[in-house]
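In: Structure, please.
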Amino acid sequence: MTLYAWGNPRHFPALPPPTPRYFDVNRDTRVLAACHWQPRPWDRPTIIALHGLNGSSDAHYMKGIAAKAFARGMNAVLLNQRNCRDTEHLCAGLFHSGLTADAAFVIDELVEIDRLPALVVAGYSLGGNLALRLAGEYGAFAPAALKGVAAVSPIIEIALCVRALERPRNMLYEWNFVRDLKRRMRRKHRAWPGRFDLGPLKRVRTVRDFDRDFTAPYFGFADEEDYYHRASAMRVVERIRVPALIIASEDDPFVPVQPFSDPRLTANPAITTVVTSHGGHCAFVGDKTLGEDGYWAERSVVDFAAAVALPADAGPRAGQAARQRAARA
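Out: Below is the predicted model of the structure:
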C-alpha cells in the first residue's frame with residue numbers, strides 16, 4: 001500500500017491554487033507555506049499541515065488534506081520544512097526531525113497577525129513526530145487557538161524507525177531518502193558556498209550516515225543516537241494536553257508499531273490512537289465511495305480538526321469517527 005500511495009497519480013480539481021506565504025522565523029531563516037484561504041479566513045478553522053522527510057507542500061497527502069479541509073470550509077496552510085521544495089536559498093542552516101520552533105513561530109504569527117481563532121496541526125511521518133512533539137513541548141501552556149494535533153504514521157521513536165529502514169527489504173525506501181538528502185546538500189552548497197563541507201557526502205549510503213555526518217554535528221548532538229533519542233516525540237507525549245489523534249499501521253514498512261502501545265502514550269487521556277492492520281506508511285487507502293477518494297486517514301484528520309475546533313469538547317467523538325473509518329477501510 002505504501003508504494004501504491006507513492007505512485008498513484010492524484011488530482012485535486014476543486015482545490016484552488018495556493019497563495020505563497022513566507023514566514024521569517026529568524027534572521028537567516030525563512031520558510032515557505034502554500035496557503036489555501038477561505039474568503040473570510042479569520043472566521044474559519046485552519047489546518048497547518050507538516051510533511052515527511054524530503055516531502056513538501058506538493059506531496060499528495062498534503063494536497064489531499066488541503067482539498068478535504070477546504071471542501072469543509074477550512075483554511076489549509078501547507079508548511080514546507082527548512083530547505084524543502086527548493087527553498088535551500090531561504091535558510092542558512094539545516095533541519096532535523098524534532099525542530100518544532102518553525103511550526104511554533106507560524107502558529108504565533110497566524111494568531112497574532114492573522115487573528116485566526118482555531119488551529120489544528122496535522123503531520124505525516126516526520127511531520128507527525130513534529131506535531132506530537134510540539135504539543136508535548138507546549139504541555140499545559142499551549143496557545144488557546146491550538147485546538148488539537150493529528151499525526152499519521154508518525155516516527156515517534158526515531159531510532160527504531162531508522163533501524164527498520166535499514167532492513168534489506170526497505171532498500172528502495174532508504175535509497176530514495178538518501179538520494180534526495182544528498183541532492184539537497186548539493187543545492188545547499190550552491191546557495192551557500194563554503195558553509196558546509198560536502199566531503200563526507202561521498203561516504204553517505206544510509207539515513208544514519210547522513211545524520212551522523214551532517215544533522216547531529218550541525219545541531220550539537222553528541223552523535224546520531226543522541227539526536228534520535230532527544231528529537232523523538234516519545235520523550236514528551238505524556239505532557240500532551242490538547243486533543244491528539246494518531247493513526248498508524250501494523251504493516252508500515254519502517255515505523256514499528258510497538259511504541260503506539262507504550263503506557264506513556266496510552267495512559268494519556270488527551271490522545272486517541274488508531275492502529276490498523278493495513279495501511280502502509282502514510283497511505284491508508286480504502287474503498288472509494290461516492291464523493292470520496294478512499295484516502296480515509298486524510299478524511300479522519302479533517303473530521304478530527306472540525307470536531308476539536310468546535311466550542312464543545314469533541315475529542316472522543318473525533319477519535320471514534322477515525323476508528324469507524326478504519327473499520328470500513
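In: Neighbours of residue 170, how many?
Out: 16 (other CB atoms under 10 Å). The C-beta positions use only the backbone N, C-alpha and C, and glycine is treated the same way.
In: Let me fix that, I meant to ask about residue 102.
Out: Using other CB under 10 Å, residue 102 is surrounded by 22 other residues.
In: can I assume it is in contact with residue 24?
Out: No - if you go by CB atoms under 8 Å, residue 102 and residue 24 don't touch, sitting 10.7 Å apart.
In: could you say what helices and strands the helix or strand containing residue 49 packs with?
Out: Under the criterion of DSSP states H and E, residue 49 resides in strand 46-50. Under the contact criterion of 3 or more CB pairs under 8 Å, 6 or more residues apart in numbering; DSSP states H and E, strand 46-50 touches helix 60-71, strand 75-79, helix 101-112, strand 119-124, helix 126-138, helix 296-308.
In: Comparing those, which stretch has the densest surroundings?
Out: strand 119-124 (a mean of 29; mean count of other CB atoms under 10 Å).
In: out of the helices and strands packed on strand 46-50, nearest to residue 46?
Out: The closest of the helices and strands packed on strand 46-50 to residue 46 is strand 75-79. By CB to CB, the value is 4.1 Å.
In: what packs against the closest one?
Out: Using 3+ CB pairs under 8 Å, 6+ apart, strand 75-79 is in contact with strand 29-36, strand 46-50, helix 60-71, helix 101-112.
In: Could you tell me how far the host helix or strand of residue 208 lies from the centre of the chain?
Out: Taking DSSP H and E as the criterion, residue 208 maps to helix 207-210. Chain-centre distance of helix 207-210: 20 Å, with CA atoms, centre = their mean, to the nearest Å.
In: Buried residues in the next helix-or-strand element following that helix, which are they?
Out: Going down the chain from helix 207-210, the next helix or strand is helix 216-219, by DSSP H and E. Going by neighbour count (16 or more other CB atoms under 10 Å), the buried part of helix 216-219 is 216, 219.
In: Can you name every helix or strand that helix 216-219 contacts?
Out: Looks like helix 216-219 contacts helix 224-231 (3+ CB pairs under 8 Å, 6+ apart).
In: Mind exporting the C-alpha coordinates of the helix or strand following the helix it packs on to CSV?
Out: Going down the chain from helix 224-231, the next helix or strand is strand 244-249, by DSSP H and E. Backbone C-alpha positions of strand 244-249 (Å, rounded to 0.1, in the frame of the first residue of the first chain) are rendered in CSV as follows:
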residue,chain,number,x,y,z
ALA,A,244,-4.4,14.4,19.8
LEU,A,245,-5.2,11.8,17.1
ILE,A,246,-2.6,9.2,16.0
ILE,A,247,-3.2,6.9,13.0
ALA,A,248,-0.7,4.1,12.4
SER,A,249,-0.5,0.8,10.8
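In: Okay, angle between strand 244-249 and helix 126-138 too, please.
Out: Inter-element angle recorded for strand 244-249 and helix 126-138: 150 degrees (by axes from the mean of the first three to the mean of the last three CA atoms, to 10 degrees).
In: now strand 244-249, how far from the centre of its chain.
Out: Centroid displacement of strand 244-249 relative to its chain, using CA atoms, centre = their mean, is 12 Å.
In: tell me what that strand is packed against?
Out: helix 126-138, strand 146-152, strand 271-276, helix 296-308, helix 315-328.
In: what's the closest of those to residue 166?
Out: When the helices and strands packed on strand 244-249 are compared by CB to CB, helix 126-138 sits nearest residue 166, at 16.8 Å.
In: Report all helices and strands that the closest one contacts.
Out: Using 3+ CB pairs under 8 Å, 6+ apart: helix 126-138 touches strand 46-50, helix 101-112, strand 119-124, strand 146-152, strand 244-249.
In: one more time with 7 Å, if that's ok
Out: Packing contacts for helix 126-138, counted by 3 or more CB pairs under 7 Å, 6 or more residues apart in numbering; DSSP states H and E, involve strand 46-50, helix 101-112, strand 119-124, strand 146-152.
In: what's near enough to touch residue 19?
Out: The neighbours of residue 19, taking CB atoms under 7 Å, 6 or more residues apart in numbering as the test, are 35, 37.
In: Could you measure from the most centrally placed residue in the chain over to residue 94?
Out: With distances taken as CA atoms, centre = their mean, residue 127 lies nearest the centre of the chain, 1.9 Å away. In this structure, residue 127 and residue 94 are 16 Å apart, going by CB to CB, to the nearest Å.
In: related to what we said a few turns ago, let me have the helices and strands packed on strand 75-79 in a markdown table, extended by mean pLDDT and distance to residue 278.
Out: Listed next are the helices and strands packed on strand 75-79 as a markdown table, based on pLDDT from 0 to 100; distance: least, CB to CB, whole Å:
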| stretch | mean pLDDT | distance to residue 278 |
| --- | --- | --- |
| strand 29-36 | 98 | 30 |
| strand 46-50 | 98 | 24 |
| helix 60-71 | 98 | 17 |
| helix 101-112 | 98 | 30 |
